[in-house]
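>>> let's see this in three dimensions:
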Amino acid sequence: MSLDIASLPSSDLDPFSIDFFDNPFPDHERLREAGPVVWLERYGIYAVARHAEVHQVLNDWGTFCSSRGVGLQDFSREKPWRQPSLVLETDPPEHDRARKVLARVLSPVTMRELRDGFAAAADAMVAGLIGRKLDGIADLAEAFPLSVFPDRIGLTQDGREHLLPYAGLAFNAFGPDNALRREAMARAAPHIAWVTEQCRRENLAPDSIGARIHAAADSGEVTADEATLLVRSLLTAGIDTTVNGIGAALYCLARFPDQFAALRADPKLARNAFEEAVRFESPVQTFFRTTTRETELSGVPLPEGAKVLMFLASANRDPRRWDRADAYDITRKTSGHVGFGSGVHMCVGQLVARLEGEVVLEALARHATAIEIAGTPVRSYNNTLRGLKALPLHIR
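So this is what the prediction gives:
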């Protein structure tokens, strides 16, 4: 199989630059139109931006592995910055053993157990915000997940201010050695220390989700150390992505009042309104895979050990896959979006994120007559995540 980089469409785009983060959509379109596989000159990597190729890479773990890192770093050539995640940065069969434990403790049955409490908390929080000008991020998108999820994991009250910086650090670390990654690493030590300590069995509340994960060590499904890493995985996957998902939904509903009117008319659309916001804004923008052998992708030869950057956000707005791809439509059939990934490595926190997003939007549909932007939104910058730092709103 011959490989000629010069024959590939190429781009000098830096997908980890502030300019790109501010408005990635024109570059997404250029990448999609350039071809099924594009060479990114700046980093010497392959990129896929169309839905078909992104979906294929996500669903072929045997060829496009996660165990060599889902960021730019190749774990076969560089030492990981932390002990790799047992679910995000492993492949079957090791991945399946750990994933089975998380699938059980975060099952649909568990979600039904959580629903009433989460819904009551969301209703109370949203009711208290009606008629106010507020920051939709700090006062709702962050406040709600942080008010319910850490309790169910079994964390102590003290020190929870470390959760968001830790999750942000983990997602920044998937990118290159740029200012965002260096700044996150420079501030990392106290956040890593607190999270690592809190994930230990003795520090988690009895009968919590965290305690149930550690119980799997008693039956020999995982070791005690692995159980600690699995709790850590939930704190990484279940906080920042949910915060950015709820923030995206608020931002969409405020910008598209016809869609909020449709939600008010039928609050049962809350789950789909959240799902469409995840497709439309894609809180997780990118992930990498590494080829395990020489292969072809849409006729393009790839060598073994090639880093492939998947533009999940671009795939989620690919007009080849979606009608009116750049429209936020809460009645859309969103099945097939890759906002939570796809295949065996699909986001472990997706059921929790969907539950939290749904109950918040249901509460808004019941209590609010309008959601209006009341100032200039401020974007948050991260090498992997897309979200807002501040979203001034008036909820009427």
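>>> please, where are all the strands along the stretch 201-350 of the chain?
Along the stretch 201-350 of the chain, counting by DSSP state E, counting those that start in this stretch, strands occupy 286-291, 295-297, 300-302, 307-311.
>>> Provide the strand pairings for the second one, with the direction of each partner.
Okay, so that is strand 295-297. strand 300-302 (antiparallel) (DSSP bridges).
>>> tell me how many other residues surround G131.
As a burial measure, G131 scores 11 neighbours (other CB atoms under 10 Å). C-beta: built from backbone N, CA, C; applies to glycine.
>>> low-confidence regions, this protein specifically.
Along the chain, segments meeting pLDDT under 70 span 1-3.
>>> any chance of the strands of the stretch 201-350 of the chain in JSON lines with mean neighbour count as columns?
JSON lines is the format used below for those (neighbours: other CB atoms under 10 Å):
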{"stretch": "strand 286-291", "mean neighbour count": "24"}
{"stretch": "strand 295-297", "mean neighbour count": "17"}
{"stretch": "strand 300-302", "mean neighbour count": "18"}
{"stretch": "strand 307-311", "mean neighbour count": "24"}
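>>> looking at those, which is closest to P84?
Of all the strands of the stretch 201-350 of the chain, strand 286-291 sits nearest to P84, with 12.9 Å by CB to CB.
>>> buried residues in stretch 78-91?
Neighbour-count burial for stretch 78-91, with 16 or more other CB atoms under 10 Å as criterion, is recorded at W81, P84, S85, L86, V87, L88, E89, T90, D91.
>>> please read the previous query as pertaining to stretch 62-82.
63-73, 75, 81.
>>> for the stretch 1-150 of the chain, which segments count as strands?
10-11, 38-40, 45-48, 64-65, 132-135.
>>> elements contacting the second one?
It refers to strand 38-40. Contact here means 3 or more CB pairs under 8 Å, 6 or more residues apart in numbering; DSSP states H and E; on that basis strand 38-40 packs against strand 10-11, strand 45-48.
>>> pull the residues that contact the last one.
What that stands for is strand 45-48. 11, 15, 31, 36-40, 54, 57, 72, 288, 297, 300, 302, 306-311, 315 (CB atoms under 8 Å, 6 or more residues apart in numbering).
>>> can you tell me the strand partners of it and which way each runs?
Going by DSSP bridges, the partners of strand 45-48 are strand 38-40 (antiparallel), strand 307-311 (parallel).
>>> out of those strands, which comes closest to R104?
strand 307-311 (28.2 Å).
>>> for R99, which non-adjacent residue is closest in space?
V87 (5.4 Å; CB to CB, 6 or more residues apart in numbering).
>>> picking that back up, can you lay out the buried residues of stretch 78-91 as TSV showing distance to L351?
As requested, those are exported to TSV (distance: CB to CB, whole Å):
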residue	distance to L351
W81	28
P84	23
S85	18
L86	18
V87	14
L88	16
E89	21
T90	20
D91	22
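>>> show me which pair in those residues is furthest apart.
W81 and D91 (19.6 Å).
>>> picking up where we left off before, looking at the strands of the stretch 201-350 of the chain, spot the one closest to V231.
Closest among the strands of the stretch 201-350 of the chain, using CB to CB: strand 286-291, at 21.9 Å.
>>> what sits up against the closest one?
By CB under 8 Å, 6+ apart, strand 286-291 touches 15, 45, 57-58, 63-66, 68-72, 74, 76, 174, 302-313, 341, 384.
>>> rerun at 6 Å
By CB atoms under 6 Å, 6 or more residues apart in numbering, the residues outside strand 286-291 that reach it are 57, 64-65, 68, 70-71, 302, 304, 306-311, 384.
>>> repeat for stretch 380-392
Residues contacting stretch 380-392 (CB under 6 Å, 6+ apart): 16, 21, 135-137, 168, 171-172, 174-175, 180, 244, 247, 251, 283, 285-286, 374-375, 377-379.
>>> then stretch 344-364?
In contact with stretch 344-364 (CB under 6 Å, 6+ apart) are residues 61, 66, 87, 102, 106, 111, 118-119, 122-123, 126, 144-145, 237-238, 241-242, 245-246, 267, 270-271, 273-274, 340-341.
>>> which among those count as buried?
Applying 16+ other CB under 10 Å to those flags 61, 66, 87, 102, 106, 118-119, 122-123, 126, 144-145, 237-238, 241-242, 245-246, 270-271, 273-274, 340-341 as buried.
>>> give me the subset of those residues that lies in helices.
Filtering these for membership in helices, criterion DSSP state H, returns 102, 118-119, 122-123, 126, 144-145, 237, 241-242, 245-246, 270-271, 273-274.
>>> any idea which of the helices and strands packed on strand 38-40 is most buried?
Across the helices and strands packed on strand 38-40, averaging neighbours per residue (mean count of other CB atoms under 10 Å) puts strand 45-48 on top, at a mean of 25.
>>> could you dump it to PDB, C-alpha only?
The C-alpha coordinates for strand 45-48 follow below in PDB (Å, rounded to 0.1, in the frame of the first residue of the first chain):
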ATOM      1  CA  ILE A  45      -1.700  14.200  11.600                       C
ATOM      2  CA  TYR A  46      -4.700  13.000   9.600                       C
ATOM      3  CA  ALA A  47      -8.100  14.600  10.100                       C
ATOM      4  CA  VAL A  48     -11.600  13.500   9.400                       C
END
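>>> thinking again about what came up before, columns distance to R187 on top of the strands of the stretch 201-350 of the chain, output as a markdown table?
Shown next, in a markdown table, are the strands of the stretch 201-350 of the chain (distance: least, CB to CB, whole Å):
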| stretch | distance to R187 |
| --- | --- |
| strand 286-291 | 22 |
| strand 295-297 | 37 |
| strand 300-302 | 36 |
| strand 307-311 | 26 |
